[in-house]
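Undergrad: Dropping a prediction and its sequence here:
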Amino acid sequence: MKGKIYIATALCLLMLSAGCVVSQTKISPNVKKMISLAQDNQASTAIDMFKAFTPEEYTEFESYLDENPDKISPFYYIAMADKVFEHDKDKAVFYYYFGKLRATEDVMMCKDTSARGQLGMYPMVAVNTLTYVRDVKMEDTQYFIDFMQKTLDWDNKYTKRVSPIWACYHGALVFTGKKPELLPDSEFPNVQKTVQGMVQKAIDARKDPTFAEKAKALKKLLNN
């Protein structure tokens, strides 16, 4: 087995120009355990561990998210946004909106429509990041176009993803003892098309020459 790993790594190094990447991320046992809990839909325990991470563990987890958007609930990108904001404001903005895009797609796959209520709670998880967007970047239309396009690009690039069922555990029916259920898998392409379409409309709106002035007026109104 070790021989196969060494061969694969050597080949990868030879093929770097073709986009092959060898992960260098080292994950500590505590972070591994939190990731395992998150993947097992034990959200409460996973979040408790997440909140107690050391600075070094947050850095490890950020590296994990950078490399594995297909292996963990998108909620954790939202949860990490304000931590990332401490050293990279623009990356934090991307984390929040990428997480929200995928979380919205997942929530829309839940049979229990009350699960959608969690979407309204997400801004409270990333207050610093969204304050930065409102106070500093609202009038920068190209900034919005670029990072929103990146969220779409990532969503299309990482086609393998965790089951959307994680989102359904936050619906009201779960508290009545009912098991969360998903819409048929065949519905996902339509859901993704709808959600991505909303993002694309936001991008197109910002391409309107008058949008910057409208954003400036809105910012003034919010600050009054």
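TA: Thanks, I have it. All figures in this text were calculated on a predicted structure; none of them were measured in a lab.
Undergrad: Grab the most central residue of this protein for me.
TA: residue 99 (1.9 Å; Cα atoms, centre = their mean).
Undergrad: how far away is that one from residue 130?
TA: 12 Å (Cβ to Cβ, to the nearest Å). (Each C-beta comes from the backbone N, C-alpha and C, glycine too.)
Undergrad: circling back: quick one: residues contacting the residue nearest to the centre of the chain.
TA: 74-79, 81, 122 (Cβ atoms under 8 Å, 6 or more residues apart in numbering).
Undergrad: what's the helix or strand for it?
TA: Assessed by DSSP states H and E, residue 99 sits inside helix 89-107.
Undergrad: Could you give the bridge partners of residue 182?
TA: Here residue 182 sits in beta bridges with residue 110, as judged by DSSP bridges.
Undergrad: That one against residue 109, yeah?
TA: Yes: using Cβ atoms under 8 Å, residue 182 is in contact with residue 109, at 5.2 Å.
Undergrad: And the nearest residue to residue 115 once chain neighbours are set aside, its phi and psi?
TA: In space, and not counting its chain neighbours, residue 115 is closest to residue 171: 3.5 Å by Cβ to Cβ, 6 or more residues apart in numbering. When read as degrees, to the nearest 10, the backbone of residue 171 gives phi -90, psi 160.
Undergrad: Please enumerate the helices of the protein.
TA: Applying DSSP state H to the chain gives helices spanning 2-14, 29-39, 43-51, 55-67, 75-85, 89-107, 127-132, 141-157, 165-168, 188-206, 211-223.
Undergrad: Would you format those helices as TSV with mean pLDDT included?
TA: Putting those into TSV (pLDDT from 0 to 100) gives the following:
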stretch	mean pLDDT
helix 2-14	36
helix 29-39	95
helix 43-51	95
helix 55-67	96
helix 75-85	98
helix 89-107	97
helix 127-132	96
helix 141-157	95
helix 165-168	95
helix 188-206	95
helix 211-223	67
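Undergrad: wait, which of those is closest to residue 113?
TA: helix 89-107 (9.0 Å; Cβ to Cβ).
Undergrad: buried ones in the closest one?
TA: 89, 91-107 (16 or more other Cβ atoms under 10 Å).
Undergrad: same thing with stretch 133-147?
TA: Buried residues in stretch 133-147 (16+ other Cβ under 10 Å): 133, 137-139, 141, 143-145, 147.
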